[in-house]
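Novice: model this:
(chains A and B)
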Amino acid sequence: MPSLNDLASAFALLGTHELEFGLVIAVGVVALVADWRIALVALAAQYLLVAVLLSTLIPLQIAAVRMIAGGLVAMMFYITARRVQPQRRRRAQTQPQESRVLTPRAIFWVNLPFRFVGLTLVAVGVIAASDQIVLLNAPLLFWVTGLWLTMGGLLTIALTRDALRLGMGLLFFTSGFGIIYLSIDNSLVIYALLVIADLVIALAIAHIASAPAHFQGKRRGEM
Amino acid sequence: MSLSVFILILVAAALTLHVARYWRPLAFVASAATTVILVWVAQNIGAGTTEIFGMHFGLQPLARDYLIVALALSGILAIATSFGDVRRGLGFLLWSWVVWLVALAIDDFVIGVFAWVSGLAIIVIAMEPRHAQRTGGAAYFLVLIVIAAGLLLIGHRFVQLFPLTPDRITLLDSAVLFLAWGLGLLLAIAPFILWLGPMADEAPPPIIAVLLGLGQPLGLWLLYLLIGQSPRLLEQTDLNVALAIGGLGSIFIGGLLCVFERRVGRLMSYAGLLALGFILIDLARGTLEGAAFAVIEIFARALSLCVMAASVTIARAIPNRWVKYLALGVFLLGGLNLVGLGPGVALATRWNVLLDFEATDRRIFILILLSMLGVLIGLARYVLTWLETLPAQAPAQDALAPTPPPESISGRIRFRLRGAWLAWRARAGQRVPASVRYTAGGIAEHWRALFAGILLSALGAFLLWYSVSPNLWLQRALETAAQLAFIR
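Specialist: Residues are numbered from 1 along each chain as shown, chains lettered A, B, ... in the order given. Model prediction:
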């Protein structure tokens, strides 16, 4: 069974460039790829890479807690998605035409080119912002990485109407925020609270994604 | 009694409600019992502080008063919810208090913020998404909770670093910016009100009342905890100006949105936004009287929202017409109290603010009056809608209508057992005098209407008593507000 030292040696193999590249790919996958399984793998990879990055700020044993939390979150999302997807497929097949009209649609046609343009704009924005401002003298590596994850998370939230995908975006946001905050305040209490917050968020998102609909068609003047 | 024991009791109470929700009479009894027990226990919490991991936990007098009122109101909402057919959110009326109690008792801003937003996230679980697997008000509220918590933490970090550069207030200005942004998002202060309507669409009225009336003021409590620890935040920045502007904006926008609203959740939210505006203006004065008036306004807002939510919930659950009319009357009383037109306390605090503006800027005075009129119009429109939906006569249910026996084996066994039980009860009933039998039968048939009527009457009576005893509340608010760190 691999020990923590083996884990440390494996982490040491990953350089800064590999980490950055991995996180760029992870955000790109969640924002661009529609398949929930691939997005879930990207989320899990993001947790792993962020833990490696944070192990340069805090002890490895503590950074590894985030990986464990990430595993739990990914498992929660996987179980929820497995429960929800068959229902969605069945409903799409059996839904009558009128109720399909009632199903909410996005204002814009959020297809792949649209999402790609959005992601490109976010990337340009992150590069420009990290060149111009730094929050409380945060080290550049952590500032850029944190900004990329938070902005990528917000982009995912803005582009999706799927509850699980929104949860993934939210967890990318918290990861980015955690990196930025820990680089300006190396507090283990905050770190622990952020890990707990991730689990609470995942729980709430799993509930929202699996809760039955209460839409009855009435909007105005209902008692 | 120590705080840790109280938290355990709170967890047990929430768990009891969560389990008891499946059977209506049990849910009702459990709600009533837990309300009485929690209020009684909250009154007996020791005044001392406890130290855990270097953090101090203790309830200040104002926090204790707030906790008692909040638990009583949450309990009343639980009782009202227990009358209905859908009781899924029953336990969530108390679950959040487990962490909100930490936010009230702790002297650390960061842990307080985490506890506060955790309670708000728990409330999200009690919401009912309008579309399956789709994002809506509940999901976007969760997003805002996370973003706002991050902004509050960064604002706090700026405050922490300020002593390193005491001659420059740039860090304090940045802190105010982040704190105002974070609190503005979570309190829905204008212009950050966009989440309020969609959230109200997906939350039952009792959840809206707990979230807005009881949960939101904890953010102001944490802000003033931070100000108590770093008084320069108030002395050297424009925080009071930001509060006043946010308060005025909330009053105008809240009043305007109420005019066009006929959905009860949104109406309550926007009317609550108007009341929040007055709270912010009172706080922006930065004086003891301003703080005391803000405290009274916070209590009045919480009470009004809870009364409105309880009456709507009961009216939806109970078919009897007299209960619906009683609920309508109590709803109106709550609405008038929220607008500030109920006699007594709310009227006194509101007119204090209004007379100030009348003397300094008459245009703002008139705009505030128009905003209050907007809420009144919204209330009147909703009441008219309510009256239209009242049935001429409740459909009578034929208790003697035969029901076909079920086909499954377990169903047949249950059918036989129920028949035997009814026959035994009928035989036992023969021995009881007819008048007693008639009264007991009436209570058994209409127990929900009876207890709902009692609850509504008690709420209405309390609201009237509360309104006609302003000196009592003002005196208590002055006493407790004077002990806050930022006033000292």
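
Novice: got the residues of chain B near chain A?
Specialist: Residues of chain B found near chain A (CB under 8 Å from any CB of the partner chain) are B:110-111, B:114, B:117-118, B:121-122, B:124-125, B:127-135, B:138-139, B:142-143, B:146-147, B:149-150, B:153-154, B:157-158, B:160-161, B:202, B:262-264, B:316, B:385-386, B:389. The way it works is simple: take the backbone N, C-alpha and C, and place the C-beta from them, glycine included.

Novice: buried among those residues? Need that as a selection in ChimeraX.
Specialist: The buried residues among the residues of chain B next to chain A can be selected in ChimeraX (16 or more other CB atoms under 10 Å in any protein chain shown) with this line:
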select /B:110,111,114,117,118,121,122,124,125,127,128,129,130,131,132,133,134,135,138,139,142,143,146,147,149,150,153,154,157,158,160,161,202,262,263,264,316,385,386
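
Novice: out of the residues of chain B next to chain A, list just those in helices.
Specialist: Counting by DSSP state H, the residues of chain B next to chain A place B:110-111, B:114, B:117-118, B:121-122, B:124-125, B:138-139, B:142-143, B:146-147, B:149-150, B:153-154, B:157-158, B:160-161, B:264, B:316, B:385-386, B:389 in helices.

Novice: show residues contacting whatever helix or strand A:Leu121 lives in.
Specialist: Taking DSSP states H and E as the definition, one finds A:Leu121 inside helix A:112-132. Contacts with helix A:112-132, where a contact means CB atoms under 8 Å, 6 or more residues apart in numbering or on different chains, come from A:27-28, A:31-32, A:108, A:140, A:143-144, A:147-148, A:151-152, A:155, A:158-159.

Novice: mind saving the C-alpha coords of stretch B:280-300 as PDB?
Specialist: The C-alpha coordinates for stretch B:280-300 follow below in PDB (Å, rounded to 0.1, in the frame of the first residue of the first chain):
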ATOM      1  CA  LEU B 280     -30.100  50.200   7.800                       C
ATOM      2  CA  ILE B 281     -31.000  53.800   8.100                       C
ATOM      3  CA  ASP B 282     -31.400  53.400  11.900                       C
ATOM      4  CA  LEU B 283     -28.000  51.700  12.100                       C
ATOM      5  CA  ALA B 284     -26.400  54.400   9.900                       C
ATOM      6  CA  ARG B 285     -27.000  57.000  12.600                       C
ATOM      7  CA  GLY B 286     -24.300  55.400  14.700                       C
ATOM      8  CA  THR B 287     -25.900  56.400  18.000                       C
ATOM      9  CA  LEU B 288     -27.300  54.300  20.900                       C
ATOM     10  CA  GLU B 289     -30.900  55.400  20.000                       C
ATOM     11  CA  GLY B 290     -30.300  54.500  16.300                       C
ATOM     12  CA  ALA B 291     -29.100  51.000  17.400                       C
ATOM     13  CA  ALA B 292     -32.000  50.600  19.800                       C
ATOM     14  CA  PHE B 293     -34.500  51.500  17.000                       C
ATOM     15  CA  ALA B 294     -32.800  49.200  14.600                       C
ATOM     16  CA  VAL B 295     -33.100  46.400  17.200                       C
ATOM     17  CA  ILE B 296     -36.800  47.100  17.500                       C
ATOM     18  CA  GLU B 297     -37.200  47.200  13.700                       C
ATOM     19  CA  ILE B 298     -35.400  43.800  13.400                       C
ATOM     20  CA  PHE B 299     -37.800  42.200  15.900                       C
ATOM     21  CA  ALA B 300     -40.800  43.800  14.300                       C
END
